[in-house]
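> Kindly generate the corresponding structure for this input.
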Amino acid sequence: MKKIISSLVLVLITAVDFPATRTISNSGNSFSPASLTITVGDDIIFSLASIHNAVEVSQTTWNANGITPLAGGFEVAFGGGSVAASFLTVGTHYYVCQSHVSSGMKGTIVVQNITGIDDSKMPPGFSVYPNPAHTTVTIEPEENSSGNKLYITDLAGKIVATLNPDHERTTIDISTLARGTYLIGQADRRKRSVKLIKL
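Numbering: from 1, shown residues only. Take a look at the predicted model:
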């Protein structure tokens with residue numbers, strides 16, 4: 001029964017190498033691509049000409065070709081820049097170039113939730129639940145796992161916590177972590193890691 005529950009929990013998480021970084025550029029007065037679908041935890045880089053920026057707006061503002069920024073939304077300076085994954089929550093994000101929205105320069109980023117395991121990746125050897133989480137998560141090594149030390153890193157690769165599960169279920173407090181996406185991985189984090197979403 002424990003093995004079945006562990007297997008079901010694994011279906012709810014994703015084994016990853018690294019979060020993806022996607023690029024949006026401009027082609028004249030259009031974003032390219034104008035609509036992009038990503039997964040929670042992915043970052044965006046806007047590579048734009050110096051006369052273009054990208055500002056997140058509400059759907060109503062987007063439909064009206066307006067330029068009023070969305071409170072708490074992302075803003076990318078003229079010439080481009082990056083948007084951290086913490087700004088890209090599940091759902092549709094609408095954005096415009098404030099100088100050229102009247103010419104139709106606007107786009108959308110659709111962020112999808114993590115839906116399952118990529119079969120081409122190695123399973124991480126442990127389960128993490130609940131995921132996403134607010135205050136605590138439980139890490140449970142799979143049967144016959146090596147009990148290796150686990151690391152929680154931010155998306156820049158900085159280690160924010162080190163854990164020693166030792167074949168036991170371990171509950172950890174993540175309430176002090178900033179909202180965003182983290183990776184939990186073993187010593188070889190590049191091959192055996194899981195995305196953790198802190199709400």
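> what is the rounded mean pLDDT of stretch 132-149?
Averaged across stretch 132-149, pLDDT comes to 74.
> Oh, that last question was meant for stretch 44-59, not what I typed.
The model assigns stretch 44-59 a mean pLDDT of 95.
> Pull out the buried residues from that stretch.
Buried residues in stretch 44-59, counted by 16 or more other CB atoms under 10 Å: Ile44, Phe46, Leu48, His52, Asn53, Ala54, Val55, Glu56, Val57. Heads up, the C-betas are built off the backbone N, CA and C, glycines and all.
> so where does the residue most central in space within the chain fall, helix or strand?
In the chain, the residue lying closest to the centroid (CA atoms, centre = their mean) is Gly41, at 0.8 Å. Using DSSP states H and E, Gly41 maps to neither a helix nor a strand.
> wait, it sits on Lys198?
No: counting by CB atoms under 8 Å, Gly41 sits too far from Lys198 to count as a contact (11.0 Å).
> so what sits against both of those two?
Contact with both Gly41 and Lys198 is made by residues Thr181, according to CB atoms under 8 Å, 6 or more residues apart in numbering.
> Show me what Ser32 is bridged to.
According to DSSP bridges, the partner residues bridging Ser32 are Ser25.
> mind checking how far it is from Val194?
32 Å (CB to CB, to the nearest Å).
> more neighbours, the two?
Val194 (24 against 13; other CB atoms under 10 Å).
> pretty sure that one is touching Gly185, no?
Yes: Val194 is in contact with Gly185 according to CB under 8 Å; the separation is 7.1 Å.
> The protein: helices as residue ranges?
For the chain, applying DSSP state H gives helices covering 2-11, 59-63.
> hey, least reliable of these by pLDDT?
Confidence, taken as mean pLDDT, is least for helix 2-11 of the helices of the chain (a mean of 40).
> any idea how this structure splits into domains?
Domain segmentation of the chain under automatic domain parsing yields 2-17+121-198, 21-112.
> between these, which gets the lowest average pLDDT?
For the domains of the chain, mean pLDDT drops lowest on domain 2-17+121-198, to a mean of 69.
> Could you find the closest non-adjacent residue to Ala20?
Closest residue to Ala20 apart from its sequence neighbours, by CB to CB, 6 or more residues apart in numbering: Asp42 at 4.5 Å.
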